[in-house]
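Asker: next one to model:
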Amino acid sequence: MKPTWFDKFACTPGRLTLMEGAFLYAAALAASRIASSGNMLELGTFRGRSTCAIAAACKQVDMRLTTIDNYSQGACPSVGESSEDVVRANLEDAGVADVVTIVNGNSHEYQPLAGLSFIFIDAAHDWESVVADCDTWWKDLQMHGILAFHDGSHPGVAEAVEALGKKHAMRPIAHVGSIIAFEKTGT
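Answerer: Numbers count the residues shown, from 1 in each chain. Next comes the predicted model:
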């Protein structure tokens, strides 16, 4: 039997749980249904496990995923090494490299991508960075698009998400593991 996207995802190293990966795949598919065109964005790649889940959905619906991480920042000491080469190899192994554009850099400095249907934020976890990531990309998320945050119980992320909920029109739609997801309902 041919391995499914989930089998390949399960073999990709990273911190995302299997349940969170299944949710990202489903949320990305749902987001693709609200957009006649558009692509998806991930901020913070680490080893590419979440990238594989989102990219598997992109592959199903003929969309592309751009993932941005600052690999020059180095590894996360508690979890292991990451690099653009590691991510690229993991995406190849999962069979989704053809729908992913990897950007090595700061997400606040990258040229915006208009018409996004899905954004997953899992980069720096301090309040300022989470708010800056959301504010930088909010205007590019289509109405009814999905914005999801990883590590929603992390103090910096939780406080930022609370502040962003007061600043931007977004409705909570799911909380799966440590992922909190919202639907964009206005500007």
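Asker: angles on the backbone of Val87, please.
Answerer: phi -60, psi -50 (degrees, to the nearest 10).
Asker: okay, how far is it across stretch 30-49, tip to tip?
Answerer: 19 Å (CA to CA, to the nearest Å).
Asker: all further residue positions should be reported with the first residue as 368.
Answerer: Renumbered: residue one is now 368, and that last one reads stretch 397-416.
Asker: buried ones in that stretch, by neighbour count?
Answerer: 397-399, 401-402, 405-416 (16 or more other CB atoms under 10 Å). Heads up, the C-betas are built off the backbone N, CA and C, glycines and all.
Asker: residue contacts, the residue positioned nearest the centre of the chain?
Answerer: Residue closest to the mean C-alpha point of the chain, counted by CA atoms, centre = their mean, is Phe487 at 2.7 Å. By CB atoms under 8 Å, 6 or more residues apart in numbering, the residues touching Phe487 are Leu391, Met407, Leu408, Glu409, Leu410, Ser417, Ile421, Ala515, Phe516, His517.
Asker: okay, those in a markdown table with distance to Ala541, secondary structure and pLDDT next?
Answerer: Converted to a markdown table, the contacts of Phe487 look like this (distance: CB to CB, whole Å; DSSP: H, G, I helix; E, B strand; the rest coil; pLDDT from 0 to 100):
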| residue | distance to Ala541 | secondary structure | pLDDT |
| --- | --- | --- | --- |
| Leu391 | 10 | helix | 98 |
| Met407 | 16 | strand | 97 |
| Leu408 | 18 | strand | 97 |
| Glu409 | 17 | strand | 97 |
| Leu410 | 19 | strand | 96 |
| Ser417 | 15 | helix | 97 |
| Ile421 | 15 | helix | 98 |
| Ala515 | 8 | strand | 97 |
| Phe516 | 11 | strand | 97 |
| His517 | 13 | coil | 97 |
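Asker: returning to what we had before: of the buried residues of stretch 397-416, which belong to strands?
Answerer: Assigned to strands by DSSP state E, the following of these qualify: Asn406, Met407, Leu408, Glu409, Leu410.
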